[in-house]
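Chemist: Here is a sequence together with a model predicted from it:
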There are 2 protein chains.
Amino acid sequence: MNEKELASPSRRQLLKGGAAMAVAGLGSTVALSANAACVSQDEAKFDEVVDIIVVGSGFAGMSAALQAKEAGASVMVIDKMPVFGGNSTINGGAMAVAGSPLQKKEGIEDSVDVMVADMLESGRGMNDVEMLKLVCNGTAESCEWLIDHGVEWKPFVQHFGGHSIPRVLQTVQSSGAGIIRPLIKAAKKSGIEMRNQAKLEGFIKDDSGRVIGIDVRQGYYFPKERTGKMVKVGARKGIIMATGGFGNDIEYRQMQQPEYTNQLDSTNHAGATSEALKQMMLLGANPIHLDQIQLGPWASPDEKGFGTASQFNTIATYPSGIVVDVRTGERFFNELADRKARADAIMTRRDAEGNPVYPIGFTNAEGAKDAQTLDWGLKYNVIKKADSLEELAKIYNMPAKALKDQVARWNESVTNGNDSEFGRPMQKAMLLDKGPWYGVRMWPKVHYCMGGVKVNTASEVLHLVTNKPIPGLYAAGEATGGIHGASRLGACAVAEGVVTGRNAGRHCAQSQSIKLNLA
Amino acid sequence: MNEKELASPSRRQLLKGGAAMAVAGLGSTVALSANAACVSQDEAKFDEVVDIIVVGSGFAGMSAALQAKEAGASVMVIDKMPVFGGNSTINGGAMAVAGSPLQKKEGIEDSVDVMVADMLESGRGMNDVEMLKLVCNGTAESCEWLIDHGVEWKPFVQHFGGHSIPRVLQTVQSSGAGIIRPLIKAAKKSGIEMRNQAKLEGFIKDDSGRVIGIDVRQGYYFPKERTGKMVKVGARKGIIMATGGFGNDIEYRQMQQPEYTNQLDSTNHAGATSEALKQMMLLGANPIHLDQIQLGPWASPDEKGFGTASQFNTIATYPSGIVVDVRTGERFFNELADRKARADAIMTRRDAEGNPVYPIGFTNAEGAKDAQTLDWGLKYNVIKKADSLEELAKIYNMPAKALKDQVARWNESVTNGNDSEFGRPMQKAMLLDKGPWYGVRMWPKVHYCMGGVKVNTASEVLHLVTNKPIPGLYAAGEATGGIHGASRLGACAVAEGVVTGRNAGRHCAQSQSIKLNLA
């Protein structure tokens, strides 16, 4: 090489990248520089090479890995945490399915179009409709696919907030672990390499701008950033990012929502942070709706995290009970509205100084019969039992007469099949005519990130400038943005994770393989 | 260099970048690769070199350029369009000022804290409070600074929607051109190099990750992307991005707000697109609130763009008139609410098929006396004149009696100084007791992007991963994100542009200069 080239190697890199990026359709200096520090495929040396690397082991990650393996690809799943599953193991394990056999059995008419319409309404019209249809279309078949992989559903459908009809299946364990455990078992049996405490540090690209591998910090101890040793893992077909949201990344979420401080608890596990999202953005991934961060309206201030109340309120209080303002004993919102509407309503209950005045949600023994977390909730004093409404009023310092009048009005609405007060859908509404009663104090917690990277219907991550796929990079589940718009409906994260995860696994496995070398 | 280095130049680049980035605090492969294709300062060769390059010539850009020049820096302003000023020349030229001499003269008590509180309420608490305070703090002094540079304000303050009190100054021309023209004149007089049809294509960085220049397409004819010739311009002190929003970038805005299709008009000039924002994001700039896109509630469907109605409604209809549903002749919202509340209210007026039912805003001759665009509006049939309320009702096919009853109720509210119907602040409310009347059909248009890149109080652009400044890169005005939260108040864009522009110019001019070479 001549003097000039030696003097300015980066110029050569720029030109080199330039030719390549022209193909990819990128045009600017930064676009070039962002893609110039790469190795040619035959120069690249890796410590390990597989067809597909899946980052994250939740609903999306495990579904992607299994689908890809079943399509014949060699797959490695990495998760930065010591345990697999992330948030997917600490939720109710509920999945919204459009047109399930159980709905037919119960005579409930449903369709993909109705589910899409429900999610669009909750999303305030901000949804990525193409991806939304892909998810709803895939629910019925994915629900069967999960059964084939050992998932057991309760024998009835439930009516979750924001859905116009009962549509929700739930694992017999009432937990996402009822999905994750069977999938992990199936993954290990099928020969998928499962690696925990393995953190993605960054991407490795070739000189065409294709992502061909990642730098992994192996033996990583969250959250100690410098632990573990770095290894380079190559991916012949692609990398599937199933890295979830950033609900527990307090610094980052506050940049978008300054009021979501450390004073607002989160239902997420400690590892729900933003590093993977940021690495994708540095690659040119297009971030959508990053400030749309969902608050779970069923949480309790009397425990940390997802806890026992979130599931109790989801299964018992909201569908089979009512929520009242502790000061008046009266309802103040539709308990089956979408999560944003419910959380916004609860957040308005404050005293003159703006401090929370926790509302009380309650139901009776009949309403609580399917709630597995009832005993734990009682044990930890998150759920309180009362034999009479008077006693319930006394426990929470509510006006007894007003409370009893409210319950009477509610029972009238149930009898009439019409909630004239707040327009709640009454298909599965239940009479509150006898105790014992179970009550919970309620306050929302940060639960889910609607925002993430933009993908196409092949689950390929799209570039900010070209709106074309970043070669070799796929994403699924909460890591993607736009499907849910301004507010995700309950039980639609499992649907999204499983359907888009399988979609990513299928497309990545079908993609062309490149040749990569070991060091 | 040896065989191995020759074989893998990018590795050397990575290591080279690596050392540098470690200093900058970045840690990942992409962070490295995004910063590896750079030239060392002494290797870099530029066609032109100045101290500071300002990209964009609106309120923020011109204020930054003048402030920097007055601080002793050599400055070049580039604008991709054939005319300077962008959106800043096509708006009402209104500036919210906390504690202006005119407020004192009219006996209106105001303070920075009150203005901050008003903007926080409109922003739904999503505002970057530090930057918000910086803006409000700077308004009074910047208003004087503008006077020193030849701007003439009307001799009274106005009450714009969402402000708790009258606080708005307006140029005698009722146009932002009344600010941009004097600033451009002062800039040229002071020796600032003003270059139009010059488009930023990308950034050039040195091997420490500092932005040291830009690639400029000179002689560019918007929107023909391949026109003009490429030149490299170096910046010894820094580059100030005053590139505005992307309100007229229909493809990009729809990625965040799918319903903001080409069916929804925009008040913005054709050049309000997203390329500059995307280039900053590829550098690692941290995007905030990209889906918070404001609709202007004062626009009319009977003309294109900002037009004559936007200013007429802002100055006349909203402060001195009322807005009614054409079907009922009745008011349906607080005409002095913030823009989001007003636009959301108007967007609810639809027929069974979801088609817009345009509401009618109107005032009388007294209310319209300060509206310079009245005659144009009448000429182009956007504003219609009626001698009586009966005639007004006839023109717009409204129920006459209901309309007259509404006007009677309104006048009662004015007399009582209390709008019992919608809680509108009544400080400057006016009796609608005699004609002639002037009416306008109303429907919102895309107006302003609250979102943009995150900056600190030195107007430095912060990196997504480190939250530290990207060396050499500054941003001001609409290009930044977070100051206004979910909804910007009227007349706060001029305030933001001038105050943050001057802030960026001051800090950039004070920054350390680096040595750059011409080709």
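Modeler: Structure received. Residues are numbered from 1 along each chain as shown, chains lettered A, B, ... in the order given.

Chemist: Show me the domain layout of chain A.
Modeler: Per the record, chain A has its domains at A:45-293+A:449-518, A:298-443, by the TED database.

Chemist: In JSON lines, list those along with mean pLDDT and mean neighbour count.
Modeler: Using the backbone N, CA and C atoms, a C-beta is placed for each residue, glycine as well. As requested, the domains of chain A are exported to JSON lines (pLDDT from 0 to 100; neighbours: other Cβ atoms under 10 Å in any protein chain shown):
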{"stretch": "domain A:45-293+A:449-518", "mean pLDDT": "97", "mean neighbour count": "22"}
{"stretch": "domain A:298-443", "mean pLDDT": "95", "mean neighbour count": "19"}
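
Chemist: and chain B, which of these is closest to it?
Modeler: domain A:45-293+A:449-518 (2.9 Å; Cβ to the nearest Cβ).

Chemist: Say whether chain B is contacted by the closest one.
Modeler: Yes - against chain B, domain A:45-293+A:449-518 shows contacts by Cβ under 8 Å from any Cβ of the partner chain at A:125-129, A:201-205, A:207, A:214-215, A:225, A:251, A:255-259, A:278-279, A:281-284, A:286-292, A:454, A:464-465, A:467, A:482.

Chemist: What is the end-to-end distance of that domain?
Modeler: End-to-end span of domain A:45-293+A:449-518 (Cα to Cα, to the nearest Å): 5 Å.

Chemist: Quick one: distance of that domain to the chain centre.
Modeler: 7 Å (Cα atoms, centre = their mean, to the nearest Å).

Chemist: Now do A:Ala368 against A:Glu303, distance only.
Modeler: 17 Å (Cβ to Cβ, to the nearest Å).

Chemist: again, but for A:Gly451
Modeler: 27 Å.

Chemist: Equivalent analysis for A:Asn364, please.
Modeler: As defined by Cβ to Cβ, A:Asn364 lies at a distance of 22 Å from A:Glu303.

Chemist: tell me which element A:Cys136 is part of?
Modeler: Using DSSP states H and E, A:Cys136 falls within helix A:129-148.

Chemist: One more: A:Arg181?
Modeler: helix A:177-189.

Chemist: what's that helix packed up against?
Modeler: helix A:59-70, helix A:129-148, strand A:193-195 (3 or more Cβ pairs under 8 Å, 6 or more residues apart in numbering or on different chains; DSSP states H and E).

Chemist: A:Asn268 - that's part of a strand, no?
Modeler: No - secondary structure assignment (DSSP: H, G, I helix; E, B strand; the rest coil) places A:Asn268 in coil, not in a strand.

Chemist: Settle this for me: it is touching A:Glu478, isn't it.
Modeler: No - judged on Cβ atoms under 8 Å, A:Asn268 makes no contact with A:Glu478 at a distance of 9.9 Å.

Chemist: Overlap of the contact sets of the two?
Modeler: A:Asn87, A:Gly245 (Cβ atoms under 8 Å, 6 or more residues apart in numbering or on different chains).

Chemist: dump the residue contacts of the closest residue to A:Ala272 other than its chain neighbours.
Modeler: If the residues on either side of it in the chain are set aside, A:Ala272 comes closest to A:Asn248, at 4.1 Å by Cβ to Cβ, 6 or more residues apart in numbering or on different chains. By Cβ under 8 Å, 6+ apart, the contact set of A:Asn248 is A:Ser266, A:Asn268, A:His269, A:Ala270, A:Gly271, A:Ala272, A:Thr273, A:Val446.

Chemist: mind redoing it with 6 Å?
Modeler: Neighbouring residues of A:Asn248 by Cβ atoms under 6 Å, 6 or more residues apart in numbering or on different chains: A:Ser266, A:Asn268, A:Ala270, A:Ala272.

Chemist: which SS state does it fall under?
Modeler: Strictly by three-state DSSP, A:Asn248 counts as coil.

Chemist: State the phi and psi torsions of it.
Modeler: phi -100, psi 10 (degrees, to the nearest 10).

Chemist: quick revisit: quickly check the contacts of A:Asn248 for the two that are furthest apart.
Modeler: A:Ser266 and A:Ala270 (9.3 Å; Cβ to Cβ).

Chemist: Doesn't A:Gln294 belong to a strand?
Modeler: Yes - looking at A:Gln294 with three-state DSSP, it is inside a strand.

Chemist: and it, how many neighbours does it have?
Modeler: Residues lying near A:Gln294 (other Cβ atoms under 10 Å in any protein chain shown) number 25.

Chemist: so who does A:Gly485 touch?
Modeler: Residues in contact with A:Gly485 (Cβ under 6 Å, 6+ apart) are A:Gly123, A:Arg124, A:Met126, A:Asn127.

Chemist: Now render these as a markdown table, adding distance to A:Arg409 and secondary structure.
Modeler: Output for the contacts of A:Gly485, formatted as a markdown table (distance: Cβ to Cβ, whole Å; DSSP: H, G, I helix; E, B strand; the rest coil):
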| residue | distance to A:Arg409 | secondary structure |
| --- | --- | --- |
| A:Gly123 | 32 | coil |
| A:Arg124 | 30 | coil |
| A:Met126 | 35 | coil |
| A:Asn127 | 35 | coil |
